[in-house]
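Chemist: Take a look and give me a structure for this.
(chains A and B)
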Number of protein chains: 2
Amino acid sequence: MALRARALYDFNSENPGEITVKENEIVTLYSENDIEGWLEGVNSRGERGLFPASYVEILKNDTAPSYNNITAGDGYIGSRYSNVPTVDYDPTFKSQAQHENFTQAPAAGFSSFPVTSQQEHSFQASQGSDDDWDDDWDDSSTVADEPGVVGGSYHDYDGTGPSTYRLTTRSDASSISRGGNAQHPKSSATVSRNLNRFSTFVKSGGEAFVLGEASGFVKDGDKICVVMGQYGPEWQENPYPFTCTIDDPTKQTKFKGMKSYISYKLTPTHTQNPVSRRYKHFDWLYTRLVEKFPVISVPHIPEKQATGRFEEDFISKRRKGLIWWMNHMTSHPVLARCDVFQHFLACTDEKAWKQGKRKAEKDDMVGANFFLTISTPASSLDLQDVESKIDGFKSFTKKMDDSVLQVNATANEFARKQITGFKKEYQKVGQSFKTLSQAFELDQQTYSAGLNHAIAYTGEAYDAIGEYFAEQPKQDLDPVMDLLALYQGHLANYPDIIHVQKGALTKVKESQKHVEEGKMESPQAEGINERCNIISFATLAEIQHFHQIRVRDFKAQMQHFLQQQISFFQKVTHKLEEALQKYDNA
Amino acid sequence: MALRARALYDFNSENPGEITVKENEIVTLYSENDIEGWLEGVNSRGERGLFPASYVEILKNDTAPSYNNITAGDGYIGSRYSNVPTVDYDPTFKSQAQHENFTQAPAAGFSSFPVTSQQEHSFQASQGSDDDWDDDWDDSSTVADEPGVVGGSYHDYDGTGPSTYRLTTRSDASSISRGGNAQHPKSSATVSRNLNRFSTFVKSGGEAFVLGEASGFVKDGDKICVVMGQYGPEWQENPYPFTCTIDDPTKQTKFKGMKSYISYKLTPTHTQNPVSRRYKHFDWLYTRLVEKFPVISVPHIPEKQATGRFEEDFISKRRKGLIWWMNHMTSHPVLARCDVFQHFLACTDEKAWKQGKRKAEKDDMVGANFFLTISTPASSLDLQDVESKIDGFKSFTKKMDDSVLQVNATANEFARKQITGFKKEYQKVGQSFKTLSQAFELDQQTYSAGLNHAIAYTGEAYDAIGEYFAEQPKQDLDPVMDLLALYQGHLANYPDIIHVQKGALTKVKESQKHVEEGKMESPQAEGINERCNIISFATLAEIQHFHQIRVRDFKAQMQHFLQQQISFFQKVTHKLEEALQKYDNA
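Modeler: Next up is the predicted model:
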């Protein structure tokens, strides 16, 4: 029986010699052994070539060769995890954009998965496409200035193959310099590293942590607790919950008017002390958070926009987006409490700001080391149970992403129809009544005057109702779409988060196998298992948090939407009642 | 200075040698003298040829040569007085249809004016395009069986020119046979007849009456009174007002099922005695009324339909049309009381029905003789004042016809949009909410269930609202369109009515001129003036009646429309409130 593998994710061929595989597709392998992270095989369409080893799982007991038939439908590809649902996904364009960022790295095995994942978003954040960004950083040597860097630098890559690949998370560097610490790095000679250095599992530091390579000194204040709640693992609640308002978007200028930007007044409830922040500060903060928290879904900040940044509509839209973002930040037990966010919310002194900024950029406890800060309940999780939960959540996010896309597209279209079509139809009715009343006015009979006036008023009423329709989406559909955009961001984060947990699980399975085969000592395997347990606790806590804010947000938003719709129809009814009354004495 | 004339109506050239003239267009004449009813001249586009003399008025003191520039816009032509506003007017098609009816008559001078005038409608009524019609007349020798006959027969036309043209209204024949009567026919040697025998003025009997040629014995019961009311001349109110319901459309068969038809139960309030009538009876009655009443706007009966006559929708629509028709019949002081209508409403016995039917078909007091039955107030009307009122009403009907067309087109389109587009949009919103709730159901958390259920319910609510939109036009827009159709019928009648009055006025002016020139005796001119006065009283009374029912009908219909719209939006609001409540415990 031929050796087979099942694709875990979509991989789109972008270079000669590579083949495209779709998630769940079965490929026949030529060999189980990878060549520098690549496997060779034949996909279900009979195409022969290379694909990243990390994108597939090898099927040891392949009994379901017909599995190909139930792969994800074509309609799904390209639309999921995209913040721009109405635009077709163009892999060519995407590939080019990546090449620009990764000219020193092989351009493969990257583009197929998280289209707008946290990592990629942070790359974009570093490109300075928004003028807000590139004008006045006090410290030009920030990590964010280097494209493509998430907790490490690919410039260090020496290109000599797997054995010499050097993990370049900052935590790694510090562990070498500091020597002793809580968790000692262990030899990983018998557990193979993931050779796809674009794998989120690797990039996030998840692999390094699982393999015991993370090290850092965890202060008590940095401890992040996962506790067992009513519905499973959850982040320990923030004992000092707060919210933060965002007001007064104000246009500011500097360099004698050469540079303009918008500043917002942020007022956190726990300090009551307003601070002034710009979009680029949010962007900087976002980059820090993505870098620091591998299994936490950092809410995306509103999209950049190159032109029209000072137009009122855009400012209002961005402010709304930032308010949503802030709401999700302050709602998150871990994000709300982290130093860099608190610094962002509280610091008013310029010097202190710069110090805090540098400190955050040199934070050791990011990526792999983040996992060191997690305290979990004493009892271990059942890994099979975890896997099933994660798989369930994966299905959930897919389906939710699909339906969010659909609701978004529908809401968008519905708004457009109300602004154009519905308005036009009601106003045409209004116009025709007005024309009728004008015709009737040619009759000078006194008994006709009341009716003419009433019909004219009815015409105006329908004209007004047309306007109501056009104005309504701002009240009800726009907030729904804002919410959906935020959740599309979260949903785009989860594949990475799931990937990290799955990577950890795979390592556990590998190590168990190695122990069985006598290639690894039990304590080492136990260490891997324990660290995977930590990642699992964190992942499940994050999923739990997601569900809770999702229920909270969608409930509130649906209520708001319906309330607005009710007000709208009541307003229409009221206008018509006014018109009807005009006939009483007609 | 060249001799000029102003076109009173549109005339569309249909044969070689003819030229098209538009209402108000100035034409330069070669001679004031017509040739068999035709004048020769040059229109404003420089085209030279013939047009009907009766379509223009010769300008004696032509001081406004620039008048051409303010003629009616092109957009108006073809659309007015048409019951089918969305279909372009096709003069070619129309001309053919007329040729079929008038193969023995010159095909000119007819098609340009009243597209769906009373006369033409009655021609259509006689063609038996509806199966209802041609199956079972008990008396096959009815006048209605001869196409194109309105109060006279063109078969009698001997084609030898103006001097030998014989007026062939039935009243004419009877006046010859009976000899003496209330108004003696007088010589009209010095007052020229209108040579266009398709002129409504001629066809209606208006000319014959004005020239003193009508004669008949007017019974007291046949007297029709015009009185001076608050707003000018009006028909004397019906002292025994009644209404009539139309119910139970029932499919009947005869000839062992060979023939099927629908019968309606008519119950007039003044007899309380139901009678059974078919569409063809209505059609027969309509033909009688049009023939009998030259200056009364007989409401059009609902359109014929060749196929689908037994479909429920059609039956319901026709019944509604007949109810509207009946409402206008019983509201009219003259029509409501006339013998043939009373016979139609009251007769239950088959033999009596046939007798009444024959009597009505042999009624002498139709056309020219109808005017004999009119009693007017003693004081004469100021003819200039009448002319100005008639002109004002002409402008009014034009403008009203335009706006009725527009309202009708808008209502039609609005209904279509609600049935298709609006329904679809709301149901798409509903569907997307349902999809979202299905996605959320993948999360098995107990705290999620309430929300999922509420969102699913919201989806159903929007689905229902979509249905509400689709069902709504039946409640509000359809009745509006029914009303508009009825008024389009009236508006199509008025050009003929105005034409009759204008023809009478012209005769008065001619006779005055003839008296001045010594060509006519004063008493003869006074007779013409008196008879024109009668026609004017009747016309103004009819116009007054039109305005009164118009105000009544449009007020009632606008109120009904708004009430229905209000109920609709309240129903929508209620549905949304139901959905909102589902979130209370979510």
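Chemist: Tell me the residues of the stretch 151-300 of chain A that contact chain B?
Modeler: Counting by CB under 8 Å from any CB of the partner chain, the stretch 151-300 of chain A comes close to chain B at residue A:231. For every residue, glycine as well, the C-beta is placed using N, CA and C.
Chemist: Next, the contact list for the residue of the stretch 151-300 of chain A found nearest chain B, please.
Modeler: Nearest residue of the stretch 151-300 of chain A to chain B: residue A:231, at 5.9 Å (CB to the nearest CB). Counting by CB atoms under 8 Å, 6 or more residues apart in numbering or on different chains, residue A:231 touches A:544, A:547, B:445, B:446, B:447.
Chemist: now residue A:453
Modeler: A:437, A:582, A:586.
Chemist: Mind checking which of the residues you listed are buried?
Modeler: A:437, A:582, A:586 (16 or more other CB atoms under 10 Å in any protein chain shown).
Chemist: and the helix or strand hosting the first one, what other elements does it pack with?
Modeler: Meaning residue A:437. Here residue A:437 sits within helix A:423-441, counting by DSSP states H and E. Other elements packing on helix A:423-441 under the criterion 3 or more CB pairs under 8 Å, 6 or more residues apart in numbering or on different chains; DSSP states H and E are helix A:446-475, helix B:383-417, helix B:522-581.
Chemist: any idea of the mean pLDDT for the longest one?
Modeler: For helix B:522-581, mean pLDDT rounds to 96.
Chemist: what does the second one give?
Modeler: Summarised as a single mean, pLDDT over helix B:383-417 is 95.
Chemist: Just confirm yes or no for that helix near chain A.
Modeler: Yes. Residues of helix B:383-417 contacting chain A under CB under 8 Å from any CB: B:392, B:395-396, B:399-400, B:402-404, B:406-407, B:409-411, B:413-414, B:417.
Chemist: Could I get the helices and strands packed on helix A:423-441 in a markdown table, plus columns for distance to residue B:38?
Modeler: Converted to a markdown table, the helices and strands packed on helix A:423-441 look like this (distance: least, CB to CB, whole Å):
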| stretch | distance to residue B:38 |
| --- | --- |
| helix A:446-475 | 42 |
| helix B:383-417 | 25 |
| helix B:522-581 | 25 |
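Chemist: Looking at those helices, spot the one closest to residue B:263.
Modeler: helix B:522-581 (27.4 Å; CB to CB).
Chemist: The closest one near chain A at all?
Modeler: Yes. Interface with chain A: helix B:522-581 contributes B:547-548, B:550-551, B:554-555, B:558-559, B:562-563, B:565-566, B:569-570, B:572-573, B:576-577, B:579-580 (CB under 8 Å from any CB).
Chemist: Of the residues of helix B:383-417 next to chain A, grab the buried ones for PyMOL.
Modeler: Here is the PyMOL command that selects the buried residues among those (16+ other CB under 10 Å):
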select buried, chain B and resi 396+399+400+402+403+404+406+407+409+410+411+413+414+417
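Chemist: Remind me which helix or strand the residue nearest the centre of chain A belongs to.
Modeler: For chain A, the residue lying nearest the average C-alpha position, counting by CA atoms, centre = their mean, turns out to be residue A:489 (3.0 Å). Using DSSP H and E, residue A:489 sits in helix A:477-516.
Chemist: List phi and psi for residue A:353.
Modeler: phi -60, psi -50 (degrees, to the nearest 10).
Chemist: If you tally nearby residues, what's the number for it?
Modeler: 17 (other CB atoms under 10 Å in any protein chain shown).
Chemist: Identify the residue nearest it in space, chain neighbours excluded?
Modeler: In space, and not counting its chain neighbours, residue A:353 is closest to residue A:347: 4.7 Å by CB to CB, 6 or more residues apart in numbering or on different chains.
Chemist: Which residues are in contact with the one you found?
Modeler: Counting by CB under 8 Å, 6+ apart, the residues that residue A:347 touches are A:275, A:353, A:356.
Chemist: How much space separates it from chain B?
Modeler: 37 Å (CB to the nearest CB, to the nearest Å).
Chemist: Repeat that for residue A:45.
Modeler: Applying CB to the nearest CB to residue A:45 and chain B gives a distance of 30 Å.
Chemist: measure that residue to residue A:28 for me?
Modeler: 12 Å (CB to CB, to the nearest Å).
Chemist: More neighbours: those two, which one.
Modeler: The neighbour comparison of residue A:45 against residue A:28 (other CB under 10 Å) goes to residue A:28, with 16 against 11.
Chemist: related to what we said a few turns ago, disregarding flanking residues, what is the spatial nearest neighbour of the residue nearest to the centre of chain A?
Modeler: Nearest non-adjacent residue to residue A:489 (CB to CB, 6+ apart): residue A:300, at 3.3 Å.
Chemist: and the one you found, how many neighbours?
Modeler: Neighbour tally, residue A:300, other CB under 10 Å: 24.
Chemist: still on that earlier bit, so which of the helices and strands packed on helix A:423-441 is nearest residue B:257?
Modeler: The nearest among the helices and strands packed on helix A:423-441, by CB to CB, is helix B:383-417 at 37.2 Å.
Chemist: Looks to me like residue A:9 is in a helix.
Modeler: No. Secondary structure of residue A:9 (DSSP: H, G, I helix; E, B strand; the rest coil): coil, not part of a helix.
Chemist: List phi and psi for it.
Modeler: The phi/psi pair for residue A:9 (degrees, to the nearest 10) is phi -140, psi 170.
Chemist: Just to check, it is in contact with residue A:23?
Modeler: Yes. With contacts counted by CB atoms under 8 Å, residue A:9 reaches residue A:23, the gap being 5.4 Å.
Chemist: Could you double-check that residue A:268 lies in contact with residue A:345?
Modeler: Yes. Between residue A:268 and residue A:345 there is a contact under CB under 8 Å: 4.7 Å.
Chemist: give me the low-pLDDT residue ranges for the stretch 201-350 of chain A?
Modeler: In the predicted model, the stretch 201-350 of chain A carries pLDDT under 70 at residues A:306-309.
Chemist: one more time with 80
Modeler: A:203, A:216, A:220-221, A:254-258, A:305-310 (pLDDT under 80).
Chemist: can you give me the strands for it?
Modeler: A:224-229, A:232-235, A:244-254, A:259-268, A:275-278 (DSSP state E, counting those that start in this stretch).
Chemist: Just put these in CSV and tack on mean neighbour count.
Modeler: Shown next, in CSV, are these (neighbours: other CB atoms under 10 Å in any protein chain shown):
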stretch, mean neighbour count
strand A:224-229, 18
strand A:232-235, 21
strand A:244-254, 14
strand A:259-268, 18
strand A:275-278, 17
